[in-house]
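[1] fold the stuff below for me.
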Amino acid sequence: MLKRSIFIGNKSSISTKLNQLLIKTEEKEATIPIEDIGFLVIENQETYISIPALDKLTENNVAVIFCNNKHLPSSMLLNLDTHYIQQEVFAAQIKASEPLKKQLWRQTVKAKIHNQMLLLQNQQKDFKVLEFHKSKTLSGDSDNREAMAAAHYWKNLFNFQFKRERNGQYPNLFLNYGYTILRAATARALSGSGLLNTIGIHHRNKYNAFCLADDIMEPYRPWIDAKVIQIVNNFHEQELTTAIKAKLLETLTDTVFFKNSKSPLMVGLSKTTASLQQCFMGTETKIKYPKLWN
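    Numbering: from 1, shown residues only. Now for the predicted structure:
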């Protein structure tokens, strides 16, 4: 079932009533079945949320995302006990060999470059360079084809001079917000598949609790990029308005295409993370990543 994304932009009180999330503002109140929710984004810092509500949300594997005083996502609450063979999966992930992780990273980089290539092609931009980098990607991406492809990709993606920097100029802020939401969605899917977000296949940083999410979200980034292109073409604002945030959240329900099926992006992430879990368990050899277009 496709889960809902709930955005709390006004001062609210959030509690539970039976198995419903009860959201009250000064003007109105609403109830939403907790099992229907995938993501709860709390932007307003004067929002109250009860401990029982948080408990019910995590029980149902809802990613609760908290925003800072700049209205940007800054932290996330996830359930750490969501899989029936949790310990066995954790053990297999921790014991994964370096050759396996290098092969999984090669698959990830190739899938990312392929989707970047499809987006450039859709925008009628030069994509052949990315086709070349994809074909030359080695185990562990030892000669850094990901970075070479990215240099060409960002130089050609927009119809204006652009430099991809976290604190850079428009529309970097839109990309940052979209990637943060995507990261949360990936972390939620990984947790649902019984995997530890902390232990990556490529990213390694003792201060990063979401190394694996940062790995697995890579081939999905072009969906955010495509959404930002739509926003640039249809909105005059260069700041993160509520309408633009809502558009970026919509990316979670955009269609992704697998070999013999299609699904909403948040469902596709669960397919990807389930296949990764099977790779760690030794029953599969490939991660199932989708394509941007069929």
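
[2] all the helices of the chain, residue numbers only.
    Using DSSP state H, the helices of the chain run over residues 51-59, 86-94, 98-122, 128-135, 145-156, 172-192, 211-216, 221-234, 242-250, 265-281.

[3] just the mean pLDDT for the last one, thanks.
    For helix 265-281, mean pLDDT rounds to 96.

[4] check the fifth one too.
    The predicted model gives helix 145-156 an average pLDDT of 97.

[5] may I see the buried residues of that helix?
    For helix 145-156, the neighbour count (16 or more other CB atoms under 10 Å) marks Arg145, Glu146, Met148, Ala149, Ala150, His152, Tyr153, Asn156 as buried. Using the backbone N, CA and C atoms, a C-beta is placed for each residue, glycine as well.

[6] closest one to Thr242 out of those residues, please.
    Nearest to Thr242 among the buried residues of helix 145-156 is Tyr153, at 29.3 Å by CB to CB.

[7] how about the closest one, what does it touch?
    With contact taken as CB atoms under 8 Å, 6 or more residues apart in numbering, Tyr153 is in contact with Gln116, Leu120, Leu130.

[8] from His114, how far out is Gln107?
    In this structure, Gln107 and His114 are separated by 11 Å, where distance is defined by CB to CB, to the nearest Å.

[9] compare the two and say which is more crowded by neighbours.
    Here Gln107 and His114 are set side by side on neighbour count (other CB atoms under 10 Å), and the busier one is Gln107, at 21 against 18.

[10] Leu138 versus the nearest residue to that one once chain neighbours are set aside, what's the distance?
    If the residues on either side of it in the chain are set aside, Gln107 comes closest to Ile287, at 5.3 Å by CB to CB, 6 or more residues apart in numbering. Counting by CB to CB, the separation of Ile287 from Leu138 is 17 Å.

[11] more neighbours, the two?
    With neighbours defined as other CB under 10 Å, Ile287 and Leu138 compare such that Ile287 has more, 24 against 12.

[12] is it true that the more buried one touches Arg106?
    No: checked against CB atoms under 8 Å, the pair Ile287 and Arg106 is beyond contact range at 10.3 Å.

[13] dump the helices of the chain into CSV; add distance to Lys259 as well.
    Shown next, in CSV, are the helices of the chain (distance: least, CB to CB, whole Å):
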stretch, distance to Lys259
helix 51-59, 33
helix 86-94, 25
helix 98-122, 12
helix 128-135, 17
helix 145-156, 23
helix 172-192, 19
helix 211-216, 18
helix 221-234, 18
helix 242-250, 25
helix 265-281, 11
